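> let's see this in three dimensions:
(chains A and B)
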Amino acid sequence: KNEVEQSPQNLTAQEGEFITINCSYSVGISALHWLQQHPGGGIVSLFMLSSGKKKHGRLIATINIQEKHSSLHITASHPRDSAVYICAVSLPGNQFYFGTGTSLTVIP
Amino acid sequence: EAQVTQNPRYLITVTGKKLTVTCSQNMNHEYMSWYRQDPGLGLRQIYYSMNVEVTDKGDVPEGYKVSRKEKRNFPLILESPSPNQTSLYFCASSRIFGGTEAFFGQGTRLTVV
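Sure, this is the predicted structure:
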């Protein structure tokens, strides 16, 4: 049983395509985080959401608290967007749970 | 520059030989935590700390110890490492728990033979 489910697990896109990665969770959360992990292994935080929508450059993250669902969108995808994208939730009990990640490859 | 620094980045050790992975943050964050990342399982929380001298177990604490004597440091201690602790480890910090951005260290790749 995994509290956080992501889909798809793997995604290949052509440069310029619009990309959507989905995250569903089954527990009550304080916030939802989208993280990016590059092939070198380092992890950076892209977004932290507790409601609504956030935008940063070509990245957009949305969350629907009632449906326990979040999406990460990448517009005009570029090869440098190739990475693993991880959805994580922080719980009121001070713990984090993570999805297993979506591996994105953008082909020139 | 705001950062979380882990050391070492790579470590190969033998079963049973005690080791410590250090983690330090320069942002005066209250919340710090340790995770391990394994293929197919994703990131799992080992221990976390809400503040100095306050630590608690995460999902997979067995075989690990932590301490938080100072706000900036949160070392991960493996008293008697075993091969099933071979993994990629990350330390992270945030200003407070959950509701603020998390900053991650560069990761420590540990191999126990």
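
> element containing residue 22?
Picked chain A for this. Assigning secondary structure by DSSP states H and E places A:Asn22 in strand A:19-25.

> think we crossed wires, I meant chain B
In this assignment (DSSP H and E), B:Thr22 forms part of strand B:19-25.

> what residues does chain A put near chain B?
If contact is defined as Cβ under 8 Å from any Cβ of the partner chain, the residues of chain A in contact with chain B are A:30-31, A:33, A:35, A:41-45, A:48, A:50, A:86, A:88, A:90-92, A:94-101. Bear in mind the C-beta positions are built from the backbone N, C-alpha and C, glycine included.

> beta partners for the residue most central in space within chain B?
With distances taken as Cα atoms, centre = their mean, chain B has B:Trp34 as the residue nearest its mean C-alpha position (3.0 Å). Assessed by DSSP bridges, B:Trp34 has beta-bridge partners B:Tyr47, B:Cys91.

> what residues does the lowest-mean-pLDDT helix or strand in chain A touch?
The helix or strand of chain A with the lowest confidence, counting by mean pLDDT, DSSP states H and E, is strand A:96-98 at a mean of 88. Contact with strand A:96-98 is made by A:2-4, A:25, A:27, A:86-91, B:33, B:35, B:42-45, B:48, B:58-59, B:98, as judged by Cβ atoms under 8 Å, 6 or more residues apart in numbering or on different chains.

> CA atoms only for stretch A:66-86 - export them in CSV, please.
Only the C-alpha atoms of stretch A:66-86 are listed here, as CSV (Å, rounded to 0.1, in the frame of the first residue of the first chain):
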residue,chain,number,x,y,z
GLN,A,66,-11.4,17.2,-2.3
GLU,A,67,-10.3,14.7,-4.9
LYS,A,68,-6.9,14.2,-3.3
HIS,A,69,-5.2,14.8,-6.6
SER,A,70,-2.4,17.0,-8.0
SER,A,71,-1.0,17.5,-11.5
LEU,A,72,2.3,18.9,-12.6
HIS,A,73,2.3,20.4,-16.1
ILE,A,74,5.3,21.3,-18.3
THR,A,75,4.6,23.5,-21.2
ALA,A,76,6.9,23.7,-24.3
SER,A,77,9.0,20.8,-22.9
HIS,A,78,12.8,20.9,-23.5
PRO,A,79,15.5,18.2,-23.2
ARG,A,80,16.8,19.9,-20.1
ASP,A,81,13.4,19.0,-18.4
SER,A,82,14.5,15.4,-18.5
ALA,A,83,14.5,14.2,-14.9
VAL,A,84,12.6,12.2,-12.4
TYR,A,85,9.6,14.1,-10.9
ILE,A,86,8.5,13.1,-7.4
